[in-house]
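Chemist: got a predicted structure here, sequence first:
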Amino acid sequence: DSGVTQTPKHLITATGQRVTLRCSPRSGDLSVYWYQQSLDQGLQFLIQYYNGEERAKGNILERFSAQQFPDLHSELNLSSLELGDSALYFCASSVGRGWTDTQYFGPGTRLTVL
Amino acid sequence: QKEVEQDPGPLSVPEGAIVSLNCTYSNSAFQYFMWYRQYSRKGPELLMYTYSSGNKEDGRFTAQVDKSSKYISLFIRDSQPSDSATYLCASRSGNTPLVFGKGTRLSVIA
């Protein structure tokens, strides 16, 4: 158990809908990272927050947004969902702001868009 | 072309075999190389971490980086059924986001 929690574990929704994925980092970790994992693209970095502020952005679509709250939990919002958004979404956390810190991954949320 | 390429397998070996998992990368600026292990229905966990070229050993696992050929390897000695998982290589340069390979699925048969 990495200490990172993600809810829900599974999410099934329809095209055009909006969903929110939630992540609680390990105790003491200030950075939260979001990743998308699909069979054709593999694991791809979406966005990083450090202590409430956006720190780095990867291949995140404009339909997707995230935030980190004062209690350090984070939410990833996915809107106008398309079939191609079906994937595993992982959250990871680390102590510091840099990429030199070890990232601990949560168990993921499996999103299915029908 | 993806920056980090990895044969997806699957790779099936008998228990006790030596396993070789490989990745190639295209970005010459990559300096940090990692191997993650991902069990079914779990998130990836960091297995090995190396900087620049060379070997690093940790128990039954050896990570090897050859920057001249842009080749990353992970060797597993005396493989066990509990090693059955997907192995992801990842690289980065400086303080930049990790770039992952797609992962190789390994099955170790008892």
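Modeler: In hand now; what should we look at? Residues are numbered from 1 along each chain as shown, chains lettered A, B, ... in the order given.
Chemist: just give me the neighbour total for A:His91.
Modeler: That one is not His; residue A:91 is Cys. A:Cys91 has 31 neighbours, counted by other Cβ atoms under 10 Å in any protein chain shown. Placement of C-beta: from N, CA and C, glycine included.
Chemist: which neighbouring elements make contact with the helix or strand containing it?
Modeler: Assessed by DSSP states H and E, A:Cys91 sits inside strand A:87-94. Applying 3 or more Cβ pairs under 8 Å, 6 or more residues apart in numbering or on different chains; DSSP states H and E, one finds that strand A:87-94 contacts strand A:5-7, strand A:19-24, strand A:31-38, strand A:74-78, strand A:104-105, strand A:109-113.
Chemist: given it, what are its sheet partners and their directions?
Modeler: strand A:31-38 (antiparallel), strand A:104-105 (antiparallel), strand A:109-113 (antiparallel) (DSSP bridges).
Chemist: quick one: mean pLDDT over the first one.
Modeler: The predicted model assigns strand A:31-38 a mean pLDDT of 96.
Chemist: deepest of the helices and strands packed on strand A:87-94, which one?
Modeler: strand A:31-38 (a mean of 24; mean count of other Cβ atoms under 10 Å in any protein chain shown).
Chemist: next one: the strand or helix carrying B:Leu74 to chain centre, how far?
Modeler: Per DSSP H and E: B:Leu74 is located in strand B:71-76. Taking Cα atoms, centre = their mean, to the nearest Å, one finds the center of strand B:71-76 at 6 Å from the center of the full chain.
Chemist: is whichever helix or strand comes after it anywhere near chain A?
Modeler: The first helix or strand that comes after strand B:71-76 along the chain, using DSSP H and E, is strand B:85-92. Yes. Judged by Cβ under 8 Å from any Cβ of the partner chain, strand B:85-92 comes into contact with chain A at B:Leu88, B:Arg92.
Chemist: hang on, the earlier thing: average model confidence for the strand holding B:Leu74?
Modeler: 96.
Chemist: could I get the pLDDT score of the spatially closest residue to A:Tyr89 that is not a sequence neighbour?
Modeler: What sits nearest to A:Tyr89 in space, not counting adjacent residues and going by Cβ to Cβ, 6 or more residues apart in numbering or on different chains, is A:Thr109, at 4.8 Å. pLDDT, A:Thr109: 98.
Chemist: pick out the residue in chain A sitting closest to chain B.
Modeler: When scored by Cβ to the nearest Cβ, chain A has A:Phe105 as its residue closest to chain B, at 3.1 Å.
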